[in-house]
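Undergrad: Give me a model of this one.
(one chain, ligands or ions: 2)
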Amino acid sequence: MRLILMGPPGSGKGTQAERLVGILGIPHISTGDMFRKAIDEETELGLEAKEYISSGGLVPDEVTIGIVKDRLGESDCNNGFLLDGFPRTAAQAEALDGILEDLRVGLDAVINIQVSEGELLKRLTGRRICRGCGTSYHMVYNPSKQGDRCDKCQGELFQRKDDTEETILSRLDVYNQQTKPLIQYYEKQEIIQHVDGNQGIEEVFSEINWGLGRDQQ
Ligand code: AP5
Ligand code: MG
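TA: Ligands and ions are numbered 1, 2, ... in the order given. As a prediction, this is how the structure comes out:
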């Protein structure tokens, strides 16, 4: 399956992506994760992305499109992929259409997770991530059983630098101005599935699976 997970910051893209790729056996391609890895490794890409990410802005289209194009050309994407956080601008959506055309494949679905702004703020300020395996937790909604350590790998849990209230508000602004209009773009292509992301993690997962025509696991 070739899928896009769309939604504002904190809507649960990463949380649902992790579960979906587990059952679908396709790679999870998160541009945010790719940039954060590059920042940690202090690569050229990381140095360029850092200032945009820490201010809550978007990394320039030509850079982002380039890394996604390279990634989709890798052999593990031959049988499908799940894009998380890409595309985020009209230019990225149009470039993706071109990349898919070159690869002679099409999208199966665009899943749009909708969550109210008040809830997004609570989710992002309470999020904690494992330094070891990247699993995402929430201090209230989805806590680790081991406090500040990861249930899966015992790694240390940390807070993302862009999860401060000020940066979250900038990210929401950028989403509303540049990414939200893509909902219409995919509505025109008649492949979008709207999901009520205000529900619990398992309920959202069920609704996505139902929309994809899959029986609940
Ligand atoms: P990115 O990493 O993609 O961040 P984002 O879009 O802001 O989304 P988040 O990862 O913050 O949230 P999420 O939807 O994954 O939610 P999660 O599952 O973690 O991008 C970061 C930055 O990189 C951007 O700001 C930009 O600078 C740059 N970038 C990335 N892609 C780019 C692109 N294409 N172009 C240009 N620049 C780009 O959940 C959040 C919290 O809520 C967690 O604690 C979780 O446990 C909890 N939670 C999840 N679901 C539920 C639920 N149903 N109920 C209760 N709690 C829940
Ligand atoms: Mg994410």
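
Undergrad: residues contacting residue 116?
TA: Residue 116 makes contacts with residue 198, as judged by Cβ atoms under 8 Å, 6 or more residues apart in numbering. From N, CA and C alone the C-beta is placed, and that goes for glycine too.

Undergrad: meant to ask about residue 120, not that
TA: Contact analysis of residue 120 by Cβ under 8 Å, 6+ apart lists 8-11, 168, 172.

Undergrad: What is the nearest of those residues to residue 182?
TA: Comparing these against residue 182 with Cβ to Cβ places residue 8 closest, at 11.8 Å.

Undergrad: got the residues of this protein near ligand 2?
TA: In this structure, the chain approaches ligand 2 at residues 13-14, judged by Cβ under 5 Å from the ion.

Undergrad: What about the contacts of residue 120, which one has the most neighbours?
TA: In terms of neighbours by other Cβ atoms under 10 Å, these top out with residue 10 at 27 neighbours.

Undergrad: what helix or strand does that residue sit in?
TA: According to DSSP states H and E, residue 10 maps onto no helix or strand at all.

Undergrad: One more: residue 29?
TA: Counting by DSSP H and E, residue 29 is part of strand 28-30.

Undergrad: Tell me the helices and strands packed up against the helix or strand following that strand.
TA: Going down the chain from strand 28-30, the next helix or strand is helix 31-40, by DSSP H and E. The contact analysis (3 or more Cβ pairs under 8 Å, 6 or more residues apart in numbering; DSSP states H and E) places helix 31-40 against helix 44-55, helix 61-72, strand 81-84.
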